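Visitor: Quick one, structure for this:
(2 chains)
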Amino acid sequence: MSPVGSTRRFWETRAALLAFRLNVAAWLERLGPMLFAVTSLGAVVVYALRRQRGPVEWGWSGLALAALLTAIVMLWLARRRFFSSAEARVLIESQLRLDTRLTAASIGLVPWPDVPESLPSVVQWRLRGPAGWFSSAAIMLALAACLPVADLTAIARGGEKPPALAQTEAMLEALAQAKVAESAAVEQMAERARELANRPAEQQYSHSALEAADALRDQTAAAVSALSRNLEAASNALQSAENEPSSKAAAGRLSAALTGLREGALPANAELLKQLGADASALDKLSPEQLKALANALAEASQRAKGVLGANGSGAPVARPDMDGKGPGSRSGFGGPGGKGGGESSAPLALANQASDAGDGKSEAFSAASLANLALGDKLGTTSGAHEVDPTKAAGPTSAGAIAAPAKGGEAVWVNRLTPAERAALKNFYK
Amino acid sequence: MPPPNSAPTALSETELAQASATLERLVGTLRTVLFGQEELIELVVIGVLARGHLLLEGLPGLGKTELVKGLARAIGLDARRVQFTPDLLPGDITGNPIMQEVDGRRAFVFQRGPIFANILLADEINRASPKTQSALLEAMQERRVTAGGETHTLPDPFFVLATQNPIDLEGTYPLPEAQLDRFLFKIDVHRNSAAVLEKIVLQRELGTEPAVERVLSPEEFIGLLTLARRVRMPEVVANYIARLVHATQPGESAASAGVRFGASPRAALALAAAARARGLRHGRPHASFEDVQAVARPILAHRTILEHTARLDGATSLGVVEKLLVEIPAQAKALPGTLTAAKIA
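Guide: Below is the predicted model of the structure:
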């Protein structure tokens, strides 16, 4: 090849290479943000598939396809900014200050310039922007692939039921053995527990299933607690009746307890109810010994019911005594929440699964006798006041060049007022 | 006259070499007239090669008039000098019809003014009244004078080489924008350095003009003007000129912020002509991006009118042109954001 052909080939090759580089750069500039958007969306889909135990492979395949399509579309859109070899040649000659000799040589005006010993690069990569986009996309993919997913079905497969459901089943089993409640009612509750237990393994720990198990446990515990209280109340009423046969109060308490035992969410055992009779008047026919035996039987049944509450193994919550906080604590040992004046007994400091409500929903204003008793946020006092303004003395705003005040003889009435910025501009102009 | 790019043949190497040598001699002669002003001399030579009118602005005593007189003598063209004053009338420049007796009859005969020369040295042009200044308008653009209903063609070539003092001196009238636009270059003449002043003191005497040799014959000079027209303008350079001039318009570029009126199409033509002339001066058969960049400042600065607020903020027309030269790349397409132009020493 002749030297002329060689130099021409050299410069044309350089121009073509530069054009390729410029076009790749233009493509990358467009691709970066769009690829990040696509991969972010794909990463969310892949992660969702992983959570749902779906076909993750399909997710990855779809993501790869979407990325490829994005790259092609961006290539198509970026082509308008692509450089031809001639345009890249202009960039070379302007950067190297060749006096447009490459273009002139290409149209035959002058010979091609000699091949230089070293040709500096006329452009430099500025990859911070694209690198940021691509790194972010890679991070999203890594998160989609590596972010831990809770293995709910593995827990279910391991035979572990939700704790609330297990507690409910334990209570119902203990209740059945204690034989203090109507078996049909117990069976009805057991049937609801079985319905929950028979759900598919992957749904056992779903949000709705856990909520349903918690609700069933609380209902069961509340029903057993009510049964126990009614049995205890009936036992106490019978003991009172034994000591004071004509006590109307005892008869009333007994009547209320019987109503609860018959019509509660968890009715008492049919045999017990049969012994108690249809109503309180039936008990008048019983002898003191019979009353005492019946009271003992009810007390024993109450204790068995309380034992059921402890059968869940973790202290299931019980129905909170309905107290307004003003009275003393209940005899069962559970102290009232206290209030103004306080209860006689203190609230239990026992650990429980559910938080206890320390207040009764009432608030009381605090009046400070001295500053020493004040805490942060306490109000010291308020007062009202107003600025003393004399509107007749206000001059009001005056614009530049306006008359500031009525003139007197010999006074200048034209006052130029300029802002500091205006004054600086004028000063600069006349400098 | 056909457009320059339609010239049938490109300049030969012989023509280029001869032109380059002649111009080098001319520049060398002018360097003996004016010391330490190489850039100014280059621009003046390029300006006359491009058939342009030149306006030199600077404080008195910097050698503006000497340079123009030296150029006139070196080229050997007919040159007239007019000292512009506030009481100068238009007829004092263009000429007046005078009643004369011709063949026994009295008739008005047009008495040509000093404008009928190849080079009119309009000294301190901004001292004349606007009326007198405007008398130059037709002559500068059309290269002819109309007086008494008759049109008189000026000699070819015809140049106005004007000097002016900075407009903030007393007793001057700023040239109107329309007249400024007719000057190819407005060149700021800067003060000399101490070393140049020392050279002037040693080699010059007060009141004595330097001897200037005649370098060119008028025919040779006209031949150079013809060669300058034959310098090729590559399309990419023409595109660069168009984008550069367009970018001076308000809102067309970041650099044109604060510009009230941008450069006219005449500015684009001036850029092309001056770039061709500079190409010939450097012995090239084509104009280049570097040629355009070298002449952009004296061509565009006085044609770019700034808003008052921008001037109050300290902006200058020259500053706008400097920014444009940085902002507008030679290549038509902007570089992708992922690449930046390398700084090459």
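
Visitor: Average pLDDT for the helix or strand harbouring residue A:185, rounded please.
Guide: If you go by DSSP states H and E, residue A:185 is part of helix A:183-197. Here helix A:183-197 scores 87 as its mean pLDDT.

Visitor: Residue A:118 and residue B:239, how far apart?
Guide: 30 Å (CB to CB, to the nearest Å). Bear in mind the C-beta positions are built from the backbone N, C-alpha and C, glycine included.

Visitor: For residue A:231, which residues are in contact?
Guide: A:180, A:257, A:261, A:268, A:272, A:298-299, A:301-302, A:305 (CB atoms under 8 Å, 6 or more residues apart in numbering or on different chains).

Visitor: which element is the nearest residue to it once chain neighbours are set aside on?
Guide: Once flanking residues are discounted, residue A:231 sits nearest to residue A:302: 3.8 Å by CB to CB, 6 or more residues apart in numbering or on different chains. Per DSSP H and E: residue A:302 is located in helix A:288-309.

Visitor: Show me what the very next helix or strand once past that helix is packed against.
Guide: Remark: after helix A:288-309, the chain's next helix or strand is helix A:420-429, criterion DSSP H and E. If you count contacts as 3 or more CB pairs under 8 Å, 6 or more residues apart in numbering or on different chains; DSSP states H and E, helix A:420-429 packs onto helix B:308-312.

Visitor: do that again at 6 Å, thanks
Guide: For helix A:420-429, there is no helix or strand it packs on, judged by 3 or more CB pairs under 6 Å, 6 or more residues apart in numbering or on different chains; DSSP states H and E.

Visitor: From the rest of the structure, what touches stretch B:123-137?
Guide: Stretch B:123-137 has contacts (CB atoms under 6 Å, 6 or more residues apart in numbering or on different chains) with B:65, B:83-86, B:88, B:90, B:93-94, B:162-164, B:172-173, B:175, B:179.

Visitor: Select from the residues you listed the one having the most neighbours.
Guide: Per-residue neighbour counts (other CB atoms under 10 Å in any protein chain shown) across the contacts of stretch B:123-137 peak at residue B:162, which has 28 neighbours.

Visitor: secondary structure element for that residue?
Guide: Using DSSP H and E, residue B:162 falls in strand B:159-164.

Visitor: Which of the contacts of stretch B:123-137 fall in strands?
Guide: Among the contacts of stretch B:123-137, the residues falling in strands (DSSP state E) are B:83, B:162-164.

Visitor: center of the chain, which residue is that?
Guide: Defaulting to chain A. residue A:207 (13.7 Å; CA atoms, centre = their mean).

Visitor: not quite, I wanted chain B
Guide: Residue closest to the average C-alpha location in chain B (CA atoms, centre = their mean): residue B:54, at 2.9 Å.

Visitor: so when I look at that residue, I'm seeing a strand, right?
Guide: Yes - going by DSSP: H, G, I helix; E, B strand; the rest coil, the assignment for residue B:54 places it inside a strand.

Visitor: Against chain A, how distant is it?
Guide: According to CB to the nearest CB, to the nearest Å, residue B:54 stands 24 Å off from chain A.

Visitor: residues contacting that residue?
Guide: Contacts of residue B:54 (CB under 6 Å, 6+ apart): B:47, B:161, B:185.

Visitor: Skip the chain neighbours and tell me the closest residue to the second one.
Guide: Distances taken as CB to CB, 6+ apart place residue B:68 nearest to residue B:161, at 4.4 Å, with adjacent residues excluded.

Visitor: next one: the last one
Guide: Nearest residue to residue B:185, sequence neighbours excluded (CB to CB, 6+ apart): residue B:298, at 4.0 Å.

Visitor: secondary structure element for the one you found?
Guide: With DSSP H and E as the test, residue B:298 turns up in helix B:289-300.

Visitor: in a strand, that's where residue A:99 is, yeah?
Guide: No - with three-state DSSP as the criterion, residue A:99 is coil rather than part of a strand.

Visitor: was I right about it contacting residue B:288?
Guide: Yes - using CB atoms under 6 Å, residue A:99 is in contact with residue B:288, at 4.2 Å.

Visitor: Between those two, tell me which one has more neighbours.
Guide: Using other CB under 10 Å as the criterion, residue A:99 and residue B:288 rank with residue B:288 on top: 28 against 21.

Visitor: Would you list the phi and psi of that one?
Guide: Main-chain dihedrals, residue B:288, degrees, to the nearest 10: phi -130, psi 170.

Visitor: do residue A:206 as well
Guide: Torsion angles, degrees, to the nearest 10, at residue A:206: phi -70, psi 160.

Visitor: ok, it - how many residues close by?
Guide: 14.

Visitor: ranges for the helices of chain B?
Guide: B:13-33, B:38-49, B:64-75, B:90-94, B:130-142, B:177-180, B:194-203, B:218-230, B:235-246, B:265-281, B:289-300, B:308-312, B:317-327 (DSSP state H).

Visitor: rewinding a little: quick check: chain neighbours aside, which residue is closest to the residue nearest to the centre of chain B?
Guide: residue B:47 (4.6 Å).

Visitor: so where is the chain shaky, pLDDT-wise?
Guide: Since no chain was named, I'll use chain A. Along chain A, the model assigns pLDDT under 70 to residues A:1-4, A:151-159, A:244-247, A:278-285, A:311-386, A:391-417, A:431.

Visitor: let's do chain B instead
Guide: B:1-9, B:167-170, B:345.

Visitor: Can you name the residues of it that neighbour chain A?
Guide: With the criterion set to CB under 6 Å from any CB of the partner chain, chain B comes near chain A through B:10, B:232, B:234, B:236, B:285-286, B:288-290, B:312, B:330-331, B:336-340, B:342, B:344.

Visitor: Many thanks, I have nothing further to ask.
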